[in-house]
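Engineer: Here is the input, now give the coordinates:
(one chain, ligands or ions: 1)
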Amino acid sequence: MNETASLRARAEIDLAALRANVRILRERAAGAQLMAVVKSDGYGHGAVPCARAAREAGATWLGTATPQEAFALRAAGIDGRIMCWLWTPGGPWREAIEAGIDVSVSGMWALREVVAAAEAAGLPARVQLKADTGLGRNGCQPADWPELVTEALAAERSGHLRITGLWSHFACADEPGHPSIAAQLDVYRTMVAYAEKEGVEPEVRHIANSPATLTVPASHFDLVRTGIAMYGISPAPELGTPADFGLRPVMTLAASVALVKDAPAGHGVSYGHHYTTTAGTTLGLVPVGYADGVPRHASGRGPVLIGGKVRTVAGRVAMDQFVVDLHGDRPEEGAEAVLFGPGDRGEPTAQDWAEAADTIAYEIVTRIGARVPRVYAHETADPADRTRTAGLVEAAGALGAGGGVER
Ligand SMILES: Cc1ncc(COP(=O)(O)O)c(C=O)c1O
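Structural biologist: Below you'll find the model as predicted:
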């Protein structure tokens with residue numbers, strides 16, 4: 001048994017799959033640049049290795065929610081364009097400016113803070129103005145847009161910032177044909193046109209997330225921001241599996257079976273005894289639980305592949321472990337239990353767990369806890385990958401992707 005296999009649990013991250021997914025998405029959005037969204041530790045896959053792999057596959061931008069996530073990328077030596085969009089008053093604007101990170105501004109309070117920070121730093125901020133085109137979450141409402149644009153342009157003229165982007169986010173792109181998609185695109189075009197008429201010259205205009213990248217070509221503009229699809233998970237499962245979109249899941253979550261034992265008929269299993277054996281049987285102990293991100297809501301329903309058969313969680317998922325009824329089979333302790341992966345070995349997928357837990361696969365992968373080591377496969381791109389990517393990066397350069405960061 002190798003060292004990796006002997007781990008209690010591990011999330012294997014296939015960086016070759018991630019690179020291939022990025023290339024597929026780049027092809028789907030030909031003519032646009034690609035922002036690899038690596039917020040929340042790369043949706044649980046590890047932000048830094050995923051960011052590096054995405055860059056190798058031609059992602060010219062990286063996107064994070066918090067400024068701290070963006071700083072962690074810089075601290076790991078990752079240069080080039082990085083944008084972060086979730087700010088609160090008193091945030092580390094100056095550090096972001098000094099690190100050459102694009103910041104998002106949705107309202108006047110943020111504009112005032114970024115201008116003050118730029119003055120203090122003696123450097124212009126790279127600011128992307130965010131429009132609320134209908135999501136009703138972050139972003140500037142159309143009615144407040146003229147004031148934000150006017151004030152941002154004034155700050156640009158006085159050298160405090162450069163308006164690098166005009167952007168927005170969809171509410172229902174995972175429901176193709178939803179009327180809000182066309183409506184948001186209309187509002188977005190109107191808000192961009194207004195800003196450009198007033199004199200804004202953005203480097204990038206962008207609204208598309210993964211589902212829009214895959215299903216709404218009219219939304220691609222200059223840049224697409226892909227998260228979930230890059231990790232090989234279908235953003236719209238009712239429309240297609242990852243394979244239908246040419247994508248391959250990047251994460252495999254596996255554990256080593258900790259105990260196999262006989263149990264008589266009528267034996268209650270796990271907290272609350274929500275499962276009772278119906279006959280003399282064998283029980284297998286899988287040493288991961290809700291503290292590792294296995295959803296407790298999937299108690300009695302979550303699937304796991306052990307010894308070539310898909311079993312179901314018996315009873316409650318506990319903090320650190322759950323039990324499966326092996327119905328007489330006796331895999332050895334240390335045998336691999338695969339909770340989810342690409343699915344081609346017969347193992348369940350993250351989507352299967354999402355369905356078992358009444359949630360979305362985004363939440364399944366993102367919640368895998370820090371206690372589970374990430375084990376990276378294919379950390380180095382093979383030479384054929386590099387050649388293919390060089391073409392993509394050149395194409396992005398021709399589109400004005402820019403090279404190093406302006407500090
Ligand atoms: C602002 C923004 N853009 C892009 C994304 C990426 O979305 P997806 O994972 O669906 O590609 C997210 C993720 O929720 C986001 O918050």
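Engineer: C-alpha only now, for contacts and for neighbours.
Structural biologist: OK.
Engineer: So which residues on the chain come close to the ligand?
Structural biologist: Contact residues, the chain versus the ligand (CA under 6 Å from any ligand atom): 37, 169, 209-210, 225-228.
Engineer: redo that, cut-off 8 Å
Structural biologist: Contacts of the chain with the ligand, taken as CA under 8 Å from any ligand atom, map to 37, 39, 63, 65, 85, 168-169, 207-211, 225-230, 235, 362.
Engineer: Just the residues you listed: which are in strands?
Structural biologist: 37, 63, 225-226 (DSSP state E).
Engineer: In the residues you listed, which residue is surrounded by the most others?
Structural biologist: Val37 (32 neighbours; other CA atoms under 10 Å).
Engineer: hang on, isn't it packed against Val224?
Structural biologist: No - using CA atoms under 8 Å, Val37 is not in contact with Val224, being 9.8 Å away.
Engineer: what are the bridge partners for Leu259, then?
Structural biologist: Beta-bridge partners recorded for Leu259 (DSSP bridges): Leu285.
Engineer: same check, this time on Ile13
Structural biologist: Beta-bridge partners, per DSSP bridges, of Ile13: Met251, Tyr376.
Engineer: between the ones in strands among the residues of the chain next to the ligand, which is nearest the ligand?
Structural biologist: Distance to the ligand, by CA to the nearest ligand atom, is smallest for Thr226 among these, at 3.8 Å.
Engineer: contacting residues for the spatially closest residue to that closest one that is not a sequence neighbour?
Structural biologist: Nearest non-adjacent residue to Thr226, counting by CA to CA, 6 or more residues apart in numbering: Ser210, 4.7 Å away. Contact analysis of Ser210 by CA atoms under 8 Å, 6 or more residues apart in numbering lists 224-230, 235.
Engineer: Tabulate these (a markdown table), appending pLDDT.
Structural biologist: Listed next are the contacts of Ser210 as a markdown table, based on pLDDT from 0 to 100:
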| residue | pLDDT |
| --- | --- |
| Val224 | 98 |
| Arg225 | 98 |
| Thr226 | 98 |
| Gly227 | 98 |
| Ile228 | 98 |
| Ala229 | 98 |
| Met230 | 98 |
| Pro235 | 96 |
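Engineer: returning to that earlier point: check the ones in strands among the residues of the chain next to the ligand and tell me the two furthest apart.
Structural biologist: Farthest apart among these by CA to CA are Gly63 and Thr226. That separation is 9.0 Å.
Engineer: shared neighbours of these two, anything?
Structural biologist: Shared contacts of Gly63 and Thr226 (CA under 8 Å, 6+ apart): 35-37.
Engineer: from those residues, which is closest to Phe245?
Structural biologist: Taking CA to CA as the measure, Phe245 sits nearest to Ala36 out of the shared contacts of Gly63 and Thr226, at 17.3 Å.
Engineer: who touches the residue nearest to that closest one when sequence neighbours are not counted in this structure?
Structural biologist: Leaving aside its sequence neighbours, Ala36 sits nearest to Leu62 (CA to CA, 6+ apart; 4.8 Å). Leu62 makes contacts with 35-38, 51, 81-83, as judged by CA under 8 Å, 6+ apart.
Engineer: Just give the number of residues close to Val269.
Structural biologist: 20.
Engineer: what residues are up against it?
Structural biologist: 275-277, 314-315, 323.
Engineer: what about burial for those, which qualify?
Structural biologist: 275-277, 314-315, 323 (16 or more other CA atoms under 10 Å).
Engineer: State the mean pLDDT of stretch 184-204.
Structural biologist: Taken as a whole, stretch 184-204 has a mean pLDDT of 98.
Engineer: Only the buried residues of it, if you could.
Structural biologist: Residues 184-185, 187-188, 191-192, 195, 200-204 are the ones in stretch 184-204 that count as buried (16+ other CA under 10 Å).
Engineer: so Val22 sits right up against Ala54, yeah?
Structural biologist: Yes - here Val22 reaches Ala54: they are 6.4 Å apart, a contact under CA under 8 Å.
Engineer: Overlap in contacts, these two.
Structural biologist: With CA under 8 Å, 6+ apart, Val22 and Ala54 have no common neighbours.
Engineer: Look at stretch 90-99 and report the distance between its end residues.
Structural biologist: 17 Å (CA to CA, to the nearest Å).
Engineer: thinking in terms of the whole chain, how far from its middle is it?
Structural biologist: 23 Å (CA atoms, centre = their mean, to the nearest Å).
Engineer: Now do that stretch: everything it contacts.
Structural biologist: Taking CA under 8 Å, 6+ apart as the rule, stretch 90-99 contacts 67, 71, 74, 102-103, 113-114, 117-118, 120-121, 123-126, 407.
Engineer: With stretch 107-126 instead?
Structural biologist: Contacts of stretch 107-126 (CA under 8 Å, 6+ apart): 87-90, 93-94, 97-98, 100-103, 105, 139-140, 148, 152, 155, 159-164.
Engineer: With stretch 69-88 instead?
Structural biologist: Contacts of stretch 69-88 (CA under 8 Å, 6+ apart): 39-41, 47-48, 51-52, 60-67, 96, 99-105, 110, 403-405.
Engineer: Kindly tell me how buried Arg137 is, as a neighbour count.
Structural biologist: Neighbour tally, Arg137, other CA under 10 Å: 11.
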